[in-house]
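>>> Predicted model follows, preceded by the sequence.
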Amino acid sequence: MPDTLFNMIRNRQVRPNTPFLWTYARDETYGMTSSWIIGRAKTGQPLAHLKQEIKAAQQSTGFQNPSPYFDTWLTTMFGDDLGGQMIEQFGCGDAGTDCHEQIARFTVATQWVCCTRYALERLYGPNDPNGVLYPVEFAEPNCGPSDDEKTHACHGADGGWVKASQFNKAGLK
């Protein structure tokens, strides 16, 4: 390929009227965000000044992503107005609660859905007049808090179905 798939779609370097199957897992980033908040407290990051406080909260709550630090990060990154709107949509709530779910939803929205939507709107415009886009969200659990407890559809949940290996395992022919 001459460029990334994202850039090729964005720059309209695809055959006209090509049908697209856009697949993603509902909880795409769940496995990647298990200790997300402490990464925002490293030197040079927006929450670096709260690193010891975050570590103490992790210790006292047992959560890797304790509140209110995700809400604090949203306000720091997006300002009071937009940050407030982001908190309405993705906020974590009371201090001492686990923010892993909200962080995973935020990162799926901002790192997968919004980027893909941007590229596709560049290709098709704000509407899909050709009816050639088929978005599919996979929700079949393939990961979770432990190997024995599969509660989320994480990165790669769609792979077995798209490649048909899950199709045969499910007894469908």
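Thanks, I have it. Residues are numbered from 1 along each chain as shown.

>>> which residue is nearest the middle of the protein?
Nearest residue to the geometric centre of the chain (C-alpha atoms, centre = their mean): residue 108, 1.6 Å.

>>> from memory it sits against residue 28, does it?
Yes: between residue 108 and residue 28 there is a contact at 4.8 Å, judged by C-beta atoms under 8 Å. Backbone N, C-alpha and C define where each C-beta goes, glycine included.

>>> Residue 151 versus residue 104, what's the distance?
Per C-beta to C-beta, to the nearest Å, residue 104 is found 12 Å from residue 151.

>>> which one of these two has more residues nearby?
Per other C-beta atoms under 10 Å, whichever of residue 104 and residue 151 has more neighbours is residue 104, with 24 against 13.

>>> Look up how far residue 112 lies from that one.
Relative to residue 112, and taking C-beta to C-beta, residue 104 is found at 11 Å.

>>> Return every residue with contacts to both of these two.
Residues touching both residue 104 and residue 112 by C-beta atoms under 8 Å, 6 or more residues apart in numbering: 28, 29.

>>> pLDDT at residue 92, what is it?
The model reports residue 92 with a pLDDT of 92.

>>> tell me the contacts of the closest residue to residue 155 other than its chain neighbours?
Nearest residue to residue 155, sequence neighbours excluded (C-beta to C-beta, 6 or more residues apart in numbering): residue 28, at 5.3 Å. Neighbouring residues of residue 28 by C-beta under 8 Å, 6+ apart: 104, 107, 108, 112, 153, 154, 155.

>>> residue ranges with poor pLDDT in this protein?
123-131, 157, 160-173 (pLDDT under 70).

>>> report the longest helix in it, please.
Taking DSSP state H as the criterion, the chain has its longest helix at helix 69-90.

>>> for it, packing partners?
helix 36-39, helix 100-108 (3 or more C-beta pairs under 8 Å, 6 or more residues apart in numbering; DSSP states H and E).
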